[in-house]
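Undergrad: A structural model of the following input is requested.
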Amino acid sequence: MVTACFYTGVEFELMVRHIRKIAAAAVLLLAGLPAHAQQQPAARPKAVVELFTSQGCSSCPAADALFVELAKDPRLITLTLPVTYWDYLGWKDTLGQEVFGKRQKLYAKARGDGQIYTPQAVVNGATHIVGSDKGGIDKLVQEQGKDGFAVKVDLAEADGALRVALGAAPYPSEKPAVVWLLQVSRTASVPIERGENSGKTVTYANVVRGISRIGEWNGGAATLSVPLETVRSAAKADSYVVLVQGDLYARQSAIIGAARGPAK
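TA: Residues are numbered from 1 along each chain as shown. Next up is the predicted model:
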């Protein structure tokens with residue numbers, strides 16, 4: 001026997017109303033979901049924070065740990081640049097490169113204060129603070145990053161090359177800004193056997209493995225192309241960052257554009 005259910009006109013109207021209520025509730029639920037659940041585009045970074053640190057500096061592990069936490073904030077691009085000038089204290093920094101100490105000195109010259117120390121954090125290439133001072137770093141990020149970067153930077157990998165698209169923006173300097181490629185390891189842990197941190201294992205976030213100049217920007221829209229072989233050439237690097245920055249040798253250190261590349 002085949003049976004069927006039939007609705008009266010009133011019952012049908014009640015059913016339609018019920019379905020409409022369910023649909024409306026579903027819309028409200030979706031609207032209240034967090035941004036990542038709705039697959040919204042990622043927010044652009046608002047600040048770059050560089051940490052000059054050393055495995056031979058007893059004050060540095062606290063700053064290193066703080067930067068591991070700061071690296072989780074998608075609004076920030078954090079970079080760890082280990083220096084070598086404390087190597088004589090009994091432990092050679094296994095991640096250190098002399099070029100990072102040189103960059104730190106150029107920052108000091110650009111600011112005109114001559115202050116070079118570890119752990120030192122530099123926000124947007126302009127202002128420095130002790131690298132373990134979370135409250136101070138947060139304040140500087142809030143002050144300097146509230147309007148975002150002046151230059152829009154978009155990255156795309158295609159046909160064996162990294163294409164860096166730079167937007168147009170006012171740039172009054174006669175000296176072109178420099179476009180930097182920084183290859184990074186998203187995380188690295190180092191057991192330290194001697195020196196001031198002997199016996200500690202320190203974890204670092206976004207350790208810079210290589211830095212190279214890939215072009216210039218003078219205010220107009222432009223596109224740069226870099227072979228992916230070059231982008232991925234640094235040993236142990238699994239991501240990269242592109243910065244647009246005033247010419248450090250002309251004492252113009254402000255970072256005016258930045259973007260984070262994908263992980264391998």
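Undergrad: What ranges does the protein have for its strands?
TA: For the chain, strands defined by DSSP state E occupy the ranges 47-53, 76-82, 120-123, 127-130, 153-158, 161-166, 177-191, 201-217, 222-227, 239-245, 255-260.
Undergrad: Quick check: which of these is buried the most?
TA: When the strands of the chain are scored by mean count of other C-beta atoms under 10 Å, the highest mean neighbour count falls to strand 47-53 (a mean of 27). Every residue, glycine included, has its C-beta placed from N, CA and C.
Undergrad: Give me the angle between that one and strand 177-191.
TA: For strand 47-53 against strand 177-191, the angle by axes from the mean of the first three to the mean of the last three C-alpha atoms, to 10 degrees is 50 degrees.
Undergrad: re earlier: using TSV, lay out the strands of the chain together with distance to Asp64 and mean pLDDT.
TA: Formatted as TSV, those follow (distance: least, C-beta to C-beta, whole Å; pLDDT from 0 to 100):
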stretch	distance to Asp64	mean pLDDT
strand 47-53	6	98
strand 76-82	7	98
strand 120-123	11	98
strand 127-130	13	98
strand 153-158	27	97
strand 161-166	29	98
strand 177-191	10	98
strand 201-217	5	98
strand 222-227	30	98
strand 239-245	18	98
strand 255-260	20	98
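Undergrad: any chance of these in CSV, with distance to Leu89 too?
TA: Output for these, formatted as CSV (distance: least, C-beta to C-beta, whole Å):
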stretch, distance to Leu89
strand 47-53, 14
strand 76-82, 14
strand 120-123, 17
strand 127-130, 19
strand 153-158, 38
strand 161-166, 39
strand 177-191, 16
strand 201-217, 15
strand 222-227, 38
strand 239-245, 30
strand 255-260, 31
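Undergrad: Of all those strands, which one is nearest Ala108?
TA: For Ala108, the closest of the strands of the chain is strand 127-130, at 8.1 Å, according to C-beta to C-beta.
Undergrad: List of residues touching the closest one?
TA: Identification of contacts with strand 127-130 by C-beta atoms under 8 Å, 6 or more residues apart in numbering yields 63, 107, 111, 113, 115, 119-123, 136-137, 140, 144.
Undergrad: Sketch out the low-pLDDT regions of the stretch 1-150 of the chain for me.
TA: For the stretch 1-150 of the chain, the stretches with pLDDT under 70 are 1-43.
Undergrad: And the helices in it, which stretches?
TA: 9-31, 60-70, 98-111, 134-145 (DSSP state H, counting those that start in this stretch).
Undergrad: Brilliant, that's me finished.
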